[in-house]
Structure formats: structure tokens, C-alpha cells
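**Student:** Predicted model follows, preceded by the sequence.
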2 protein chains.
Amino acid sequence: MSDTQNTNVTNDAPADINHQAKSATFGAEEPLTLDSGVVLSPFTIGYNTYGTLNADKSNVILVCHALTGDQHAASPNPASKKAGWWAALIGPGKTIDTNRFFVICTNVIGGCHGSTGPQDENPETGKPYGMSFPVITIADMVRAQTKLIDRLGIESLFCVIGGSMGGMQALQWAVDYPERVFSAIPLATAPRHSAQNIAFHEVGRQAVMADPEWRDGDYYAHGTGPDKGLAVARMAAHITYLSEAALFRKFDRNLQDSENLSYGFGADFQIESYLRYQGSSFVDRFDANSYLYITRATDYFDLARDHDDVLAKAFMNVKTRFCIVSFTSDWHYPTAYSKEIVKALNAAAGNVSFVEVETDKGHDAFFLDEPEMIATLTGFLSSAAQQRGLMS
Amino acid sequence: MSDTQNTNVTNDAPADINHQAKSATFGAEEPLTLDSGVVLSPFTIGYNTYGTLNADKSNVILVCHALTGDQHAASPNPASKKAGWWAALIGPGKTIDTNRFFVICTNVIGGCHGSTGPQDENPETGKPYGMSFPVITIADMVRAQTKLIDRLGIESLFCVIGGSMGGMQALQWAVDYPERVFSAIPLATAPRHSAQNIAFHEVGRQAVMADPEWRDGDYYAHGTGPDKGLAVARMAAHITYLSEAALFRKFDRNLQDSENLSYGFGADFQIESYLRYQGSSFVDRFDANSYLYITRATDYFDLARDHDDVLAKAFMNVKTRFCIVSFTSDWHYPTAYSKEIVKALNAAAGNVSFVEVETDKGHDAFFLDEPEMIATLTGFLSSAAQQRGLMS
């Protein structure tokens, strides 16, 4: 549910990754009908592609980003100049090999990095949507992606992959479009948001909304925004992305500046300084209203809801080959959540492999170069490519 | 680290509990020298007593409250009229039997329920202390309690008991005043605040300080305070007091008002409504600056710090009989933290029994009528009373 921990700075994607930054706008003739019944039109999808589409368009891997991610999965973020959040995994000869696969990564609808979201103009008012933007769901994010995939003339995706909220999208794709998803890799994810998951998100939303600079979402014209509230939201969320063990290993009770406690309220401890930095740097790259909408989408996520609350029924028509990956120290979306998915797929006679990766790095492990995860993904993709007839 | 979940409303303590609400003020001749070096003077301790002090003053149980608790352990809170936060445990014939023991419960120094804290007058300015109040520590809280115990002519406490921050005080008492503590029962506590503990507290402090109504702590004269920030702080903290399993059992994804999602930002889910209530009701009973100071005190808590960072050394001169209790689903101060204490006591040849209570109720289980906890406490107190010659 978070962004990359990758702090490598690079100004360019590898020359041979064939990176293209694009956007697609869908006008009145191609509206997006949302789960709420609201029709969003026009709308734009910002996306990046890496690699080359093959002749029969059978080599597409759709990479879905997490809560505060973006479409810059393998190329530097144009604003921060930091390396793409999954640059460790995507590239020539890497796990998601751009020499073999055509990778598409879209910014989700409701986002703030090129796809239509609350900061964009509401055509009915000529002003930014703010809170008049419709509430969106994970299924809406996927539905928006189908419009792009349709436009690109791609019938079926070789693989949909993503961690956290990206994993929710991968699951939703397979359930809603069973003919169009050959394989799916949901990492560190959940079939539904739990009460604890919702609770943490609600804290974040209340922190944003408590900030008077939020102005009921109409802050765009004021030159200021709910920066302090959004920073607090991020700080609270960030704790859930790391394990207690990793926090101990990285920070323990180490002091920031000296051997002595200050007996004050500055950032005495390194963990305080780190969290403050996480909060303030997030504000620079994310829109507060977008944060409200995207957290709401994940809270609404419950794959079984439209299937009599029986998860296995959601998977009844699914033909996708699944590789489910969880991480031992992830307490945000713990292994038990992934096992629910695995059990339901088994009950629905689905095709699923499951790996629990041993790591102390917590939820955010899926962003990292975790050897066991890399080996699992490489093996699964290679075998699925063989089954798809994608041997090079 | 939280307050009672007890929602029983009663206007009176049991008639036979012999409840007395008192306060003691210590003037210039009895200053409190704090760990920071600052001298606090004058200062007041608000406290309650239950039961009757015996002739040789050997039957005293000091009950220490948790982060946002108060001295109203067994008698109704004068403001909320709710039953005392440990009314289930303290009373005639109960676990902490007021027919046998003389129970003292003090509001901690820095608190906001009768003991001197940031909302009280700074004698140097004639205005409320606000952030000019000195930073206090757990050891300072205990030091302030010794002043009261001295004034009452009590040489040695039969038992010091408390959960969470109350458990920290119990540990600190035994370490700092080894001759004065016959037995101690630290429940659901830790020998030091971990990085994750500090992280959650820092989020809460930042939420308060982000609220413009906080005004650098000088809000008392304005008739308003950082209510929204404090509510957010409470919401975030409250999640840590409950287990994921308990949240699932109590709330799951149940909707608040209807069968349908609202596609809005109201409290669709019961867990949202519950958390909002926890936030707003907390604001009515707690001072925001006090929250900053008391969270800081727990973050500073590290029993080994003055003992070469070796916890066993802290216990080297301890004579106290310990009963350590943890709860299986407590992820705020998990069992591993209690086991650190037990191991250190064993290494120091201390007298310790340890029970991990099986429950899904999380950290706040220590407030509740948990049968295994009750049985453990009853057995330990009875045996310790026998050793102390307190048989009735």
C-alpha cells in the first residue's frame, strides 16, 4: 500500500528498455461507468510502456501500482528524478524482462500523476473536481485500464502483476475479465480490506480532513493545501508498511543527534526523524484528495461482495494461472489474507501456486530485491510464457 | 496505554469500599527534582484511596494508571460518571480486595486529572505552563509518588500494580526503591519503548501539533484547543490497543447504517464510526499538552539505560516478588517484551512468575475481567500476602 523505498537516483531509464511515456484520453463516446453508477467523462489515463509489443500482442504484462504509486515503474519519476519504483524488477534481462515482454503501467483513475483525479477540471463547473469527484473502486480502476487495453488493440494480457493495491487490481482483473488474463501475480495483498486496514485508512483521512487547509477539498485555488494533515496520514500509514523487527533493526532507540535525550519535543530518536521525513516528502508528490479517494477505493475492496460473500464463487469462472506471494513479516496484509485467496482458488478448482517469502522487511518487501520473491516470479513467468507459447 | 473499555455507568462507588478522593500539595520545602534536572515546585498529586490502612501500614497496594488513565480506578469518574477503569478488579471481595488492602491510585505528574501538569499555573508567569512544563519521565512519576507515600508515613508498599504505562511505573518502583516494594505486578508492559512504540506516539504528537488550534501549546486562554488533532492522535493510538482478531470479531466490514455503500466519505463502516467516537470522546476528557508529555515519558522509558544498557543489571538489587503478565494478542507490548523482563529478572536471580494469558482482546485485555488474568493475580496476591504476614 505504499511507494518505493528505492532511493537510487538516476535521470534516465536504460536506453534499451524502449521506454515511452504516454497518455490516452477517452471522450464523450467512451465514458467510464463507475460502480457508483456515476459516469466519468471525459477521462485520461497516464501510462508508461517498456519493451516492445509482439506481432500477435500476446506478450503484455500489465503492472499495477500500489496506493501511492504511479506509472513510473521502470523509468525515473519526472518530478523526483528517482528511479522507477520497480526498476529492480523491470528491464532488459530482469525478472520482468523487457526484451521479451511489453510492459504497461498505468496511473490509476483517481490518481494524481496523469490519470484523471480530483485535482482535474470538472467539466460541469470548469473548476477542479475536489470532493465532487466520484468515489471510485478497485473495479473502476480496472475498468479504466480495460479502455486503454482495448484502444491498444490488446485482447488478452499475458500477466497482470502488482503488490498491495496493485495485487487487488490483479485479482479484480482475473475475476471480472476471465478471458483476458492469462496469468496473474498478486503480491502482499488481500481479498478484502479488514477492519484494521479500514481503521488505519480512516485515521489518515481524518488527519487530512482535520487540517483547515483542506477546505472541504477546495484547496487548489488557494496555493496551500492540507500538507500537515497529509503528512500525519502518511506517517501513520508508513508504520504499517514496515515490520516491528525491521524498525528495531534499522532504528531501535538510536538517538538522532547526540548521546543525550533533549528533554524536549524535537526528533530525539532516529525513528521520529525518519517518520517526519516520510510525511513531509510525501506531501511534495501526492495530492491530498487523491489520497482520500484511493484509500476509500481499497477500503471498499471486497472481492466476495458481489458473489454472495463467498470468495470461491468469485473465482468460479476464472481461467487465470495465479502466483500468490506473501511475506512473513507483513502485518498490513498478512499471509493469512493471501491464504484466503489460495483456499478460495483451490475451492474453485483454480490454478494457483503460493509462496510465503521469509523476510523481516514487512509489507514493503514487495518493492525490494528479495531473492526468494525474484526467484519465484522468474520461475512462474518463465513457465507461464512457455505455456503461452512465448518462448524466445 | 489506554483507558478503560468499561462502559458501565454508576454514580457511586460501593458504599463499603471506603473511598476517599484527596489531593496533596508539596510546597517549596518539598520540591520534585526531575530527571531533566529541572525542579518542579510546587506540585500537587491527586489521588484516591480505597479500603483501610492497617496499623503497621503494611497492606498498601499502589495502583498505577496507563497513558490516558486517571486516579479513578475503582470509583466513578467525577466528570464522565463512568465506573472506575478497574472497578472490575478493585473492591470488597474482589481480586484487589479492599477488605484486606489499602489501595492508593494517584494521577501521574504531568497528568490532567488533579496532579500538576501543563494546564496548571506556572508560578513564574502566572499563566498555564503549556510547553514550558518540564519534560517528565516514568522515574519522575514514581518519584512524585514517593513524596505522597512518604507523607502518608508508609515505609514499604505491599504491591505496586499496573498495566501498560502503569506496568512501567511498577518496574521503575522496584528498580529505584528496592527496599520499598514487596511485590509488583506489571501487566502488558515493556522494559523500554520500541521503535514502533515511539513511532505511533510520534504520529499522535505530530497530529496534535499540526492542529493550528494547538498554538504551540498556549491554547488555554482561547476557549478552543487542538481537538481535531488530539482526536486523530487518539484514533491512531486506539488501533494499537486492540488486536486484529478483535477488530474482525467486533466489526469486520459491517456497515453502519445500511446494506449499501454510500460511495462517499461518511462513516460507512462500523469501525470508522467507532474510531471517530473514540477520538471525539477522548477530547472531552483529556488535555492535549498532557498527552504530549505523557507519551514523551513513555518514549523515554528504557529501564536498562542507566545500567549499561543491560536490563539484568537494573534488577541486580531488586528484592521484589514479581508477577509478569502478558496477553497473546497484544501487539502493542507483545509477550516478547514481557519475556525480556522475565529473562533479565532470572539473570539477576530475581523472584518472578510469568503468565501469558490467551485472549484475542489485544493490549486492552488488562482492563477487562479476563478469567486467567484474574486467577493469576488473585493467586499471586494471596501468596504474597501470606509471605508478608497479611493473613486476615
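**Tutor:** It's in. Numbers count the residues shown, from 1 in each chain, chains lettered A, B, ... in the order given.

**Student:** Could you list the residues of the stretch 1-150 of chain A in contact with chain B?
**Tutor:** Counting by CB under 8 Å from any CB of the partner chain, the stretch 1-150 of chain A comes close to chain B at A:D35, A:S36, A:V38, A:M131, A:P134, A:V135. For the C-beta atoms, the positions are set from N, CA and C on the backbone; glycine is no exception.

**Student:** For A:D140, see how far away the first one is.
**Tutor:** Here A:D35 is placed at a distance of 6 Å from A:D140 (CB to CB, to the nearest Å).

**Student:** Neighbour count: these two, which is higher?
**Tutor:** Ranked by neighbour count (other CB atoms under 10 Å in any protein chain shown), A:D35 and A:D140 place A:D140 first, with 24 against 18.

**Student:** and the more buried one, what does it touch?
**Tutor:** Residues near A:D140 by CB atoms under 8 Å, 6 or more residues apart in numbering or on different chains: A:L32, A:L34, A:D35, A:I109, A:G110, A:A297.

**Student:** Can you point out the buried residues in the strand or helix carrying it?
**Tutor:** In the assignment (DSSP states H and E), A:D140 maps to helix A:138-151. Judged by neighbour count (16 or more other CB atoms under 10 Å in any protein chain shown), helix A:138-151 contains these buried residues: A:I138, A:A139, A:D140, A:M141, A:V142, A:R143, A:A144, A:Q145, A:T146, A:K147, A:L148, A:I149.

**Student:** Among these, which one lies nearest to chain B?
**Tutor:** Among the buried residues of helix A:138-151, A:D140 lies closest to chain B (CB to the nearest CB), at 10.5 Å.

**Student:** got the residue ranges for the strands in the stretch 251-392 of chain A?
**Tutor:** With DSSP state E, counting those that start in this stretch as the criterion, the stretch 251-392 of chain A has strands at A:321-327, A:351-357.

**Student:** Mind putting those strands into TSV with mean neighbour count, distance to A:T49 and mean pLDDT?
**Tutor:** Formatted as TSV, these follow (neighbours: other CB atoms under 10 Å in any protein chain shown; distance: least, CB to CB, whole Å; pLDDT from 0 to 100):
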stretch	mean neighbour count	distance to A:T49	mean pLDDT
strand A:321-327	26	23	98
strand A:351-357	18	28	98
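
**Student:** Of these, give the one that comes closest to B:F26.
**Tutor:** Between B:F26 and the strands of the stretch 251-392 of chain A, the tightest spacing by CB to CB is seen for strand A:321-327, at 53.3 Å.

**Student:** Give me the contact list for that closest one.
**Tutor:** For strand A:321-327, the external contacting residues (CB under 8 Å, 6+ apart) are A:174, A:182-188, A:333-335, A:337-339, A:341-342, A:345, A:350-357, A:359, A:361-363, A:365-366, A:370, A:373, A:376-377, A:380, A:384, A:387.

**Student:** How about stretch A:146-161?
**Tutor:** A:24, A:26, A:30, A:32, A:45, A:47, A:53, A:57-64, A:96, A:101, A:104, A:106, A:169-170, A:173-174, A:177, A:179-187, A:377, A:381, A:384-385, A:388, A:390.

**Student:** So which of these sit within helices?
**Tutor:** Applying DSSP state H to the contacts of stretch A:146-161, the entries found in helices are A:Q169, A:A170, A:W173, A:A174, A:L377, A:L381, A:A384, A:A385.

**Student:** circling back: now list the buried members of the contacts of stretch A:146-161.
**Tutor:** Of those, these count as buried by 16+ other CB under 10 Å: A:24, A:26, A:32, A:45, A:47, A:53, A:57-64, A:96, A:101, A:104, A:106, A:169-170, A:173-174, A:177, A:180-187, A:377, A:381, A:384-385, A:388, A:390.

**Student:** A:M391 - nearest residue in space that isn't next to it in sequence?
**Tutor:** Computed as CB to CB, 6 or more residues apart in numbering or on different chains, the closest residue to A:M391 that is not its neighbour in sequence is A:A385, at 6.7 Å.

**Student:** contacting residues around the one you found?
**Tutor:** Taking CB under 8 Å, 6+ apart as the test, what A:A385 contacts is A:R100, A:F158, A:M391.

**Student:** can you check A:D176 too?
**Tutor:** A:D176 touches A:A139, A:V142, A:R143, counting by CB under 8 Å, 6+ apart.
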